[in-house]
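*Asks:* how does the following fold in three dimensions:
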Amino acid sequence: MSMEPFATLEQLKARLDWTLDEDEERSGAAALEDLSGWARYYGRPWPDPLTAPQLVRTMVLGAAVRYMRNPEGYTQSRAGDETLTWSELGDRAGSVHFNHDEIRALTSMSGKTSLLTAAISTWNSRPRPDAGYVPVAGGGKPFPMFSDPESPW
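*Replies:* Next up, the predicted model:
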């Protein structure tokens, strides 16, 4: 099941300063699909592009424009001795991708966080046994039972 991209090829064309040929159109459409998939991975599924924040569409288009302007990921090129240099992208050079700031923004918009959360309580404190605790035969300490009100499991 393929989901609709967050941006259209027409929106991408409007941000580029040249007319795309057939191969570039195909590459641009594929880039929009790939970036939309990555946006859903880093953010939320957003099955309907209209429910996603506008900034998601903006980031997908921005990354697609960046890719279309420099599909090989070169940062330097010299004609004389044919020197080509790639950036620190490593194996991502020449592929559609979001940069670290864009990934952080997508993650933030989704409510995801890379922080670890844990419950904190004071030393030697515990809730008092009540109806939410399971009694233990033989004088053992009761333990908490947390259940879903709709299902015992």
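*Asks:* now the helices: where do they sit in this protein?
*Replies:* Ranges of helices within the chain are 9-15, 22-42, 54-69, 100-110, based on DSSP state H.
*Asks:* quick one: mean pLDDT for the third one?
*Replies:* The predicted model gives helix 54-69 an average pLDDT of 91.
*Asks:* likewise for the second one?
*Replies:* Averaging pLDDT along helix 22-42 yields 92.
*Asks:* what does stretch 75-93 give?
*Replies:* 64.
*Asks:* ditto for stretch 100-112
*Replies:* 84.
*Asks:* what residues of that stretch count as buried?
*Replies:* 102-103, 105-106, 109-110 (16 or more other Cβ atoms under 10 Å). Quick note: C-beta positions are derived from backbone N, CA and C, even for glycine.
*Asks:* out of the residues you listed, which is nearest to residue 68?
*Replies:* Proximity of the buried residues of stretch 100-112 to residue 68 (Cβ to Cβ) peaks at residue 102, which lies at 16.1 Å.
*Asks:* not counting its neighbours along the chain, what's nearest that closest one?
*Replies:* If the residues on either side of it in the chain are set aside, residue 102 comes closest to residue 59, at 5.0 Å by Cβ to Cβ, 6 or more residues apart in numbering.
*Asks:* okay, the buried residues of stretch 100-112 in JSON lines with distance to residue 96 next?
*Replies:* Below are the buried residues of stretch 100-112 laid out as JSON lines (distance: Cβ to Cβ, whole Å):
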{"residue": "102", "distance to residue 96": "12"}
{"residue": "103", "distance to residue 96": "13"}
{"residue": "105", "distance to residue 96": "17"}
{"residue": "106", "distance to residue 96": "14"}
{"residue": "109", "distance to residue 96": "19"}
{"residue": "110", "distance to residue 96": "20"}
